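In: Output the structure for:
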Amino acid sequence: MNVHTTEDAIACLRSVGVPITQQRIEIARVLFARPVHLSADQVLERVRVNAPETSRATVYNTLRLFREKNLLRELIIDPDRVVFDSNTDPHYHLYDVDTGEVSDVAADELKVVGVPRLPEGVELEHLDVIIRVRSKRA
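Out: Next up, the predicted model:
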């Protein structure tokens, strides 16, 4: 998704039936100009540059809405860290525990073979793979 202008943001949101507001446009521009992995607080900080009146609740509600509309993926990196991934194509993630950086790993770079037997009455919604790395210790 390449959302660089207000018109791009409006078209993106309308394509999935999201009602248009100025705050949603700004949030879309932050998230969809290029692939990113941002926390809700990072989104709020960037949105407030152009829309300083935007509240934390608006950002959280909009992130939930965008996730429900499949515009974003929510990644639970660890119990204290959640990021929103604007790349919804199949892929995996590399997480550097030293720096906190999350980056994409192309789907063809990792082969996942099979899935576990699932309990009766459930189906696989999504498979997340997060590869955790750290600097080598001397």
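In: And the longest helix anywhere in the chain, what's buried?
Out: The single longest helix within the chain, with elements called by DSSP state H, is helix 56-68. Residues of helix 56-68 classed as buried: 58-59, 62-63, 65-66 (neighbour count, 16 or more other Cβ atoms under 10 Å). To be clear about C-beta, it is placed using only N, CA and C from the backbone, and glycine gets the same treatment.
In: Show me what the most centrally placed residue in the chain is bridged to.
Out: Centrality entry for the chain: nearest residue to the mean C-alpha point is Asp85, 1.9 Å, by Cα atoms, centre = their mean. When bridges are called by DSSP bridges, Asp85 pairs up with His37, Arg73.
In: what sits against it?
Out: The neighbours of Asp85, taking Cβ atoms under 8 Å, 6 or more residues apart in numbering as the test, are 35-37, 72-75, 93, 102.
In: Now do the end-to-end distance for stretch 17-24.
Out: The separation between the terminal residues of stretch 17-24, taken as Cα to Cα, to the nearest Å, is 12 Å.
In: what do you get for stretch 118-138?
Out: Across stretch 118-138, the straight-line distance between its terminal residues is 42 Å, by Cα to Cα.
In: ok so, going back, please enumerate residues in contact with the longest helix of the chain?
Out: Contacting residues not belonging to helix 56-68 are listed as 18, 23-24, 27-28, 31, 40, 43-44, 47, 72-74, 84 [Cβ under 8 Å, 6+ apart].
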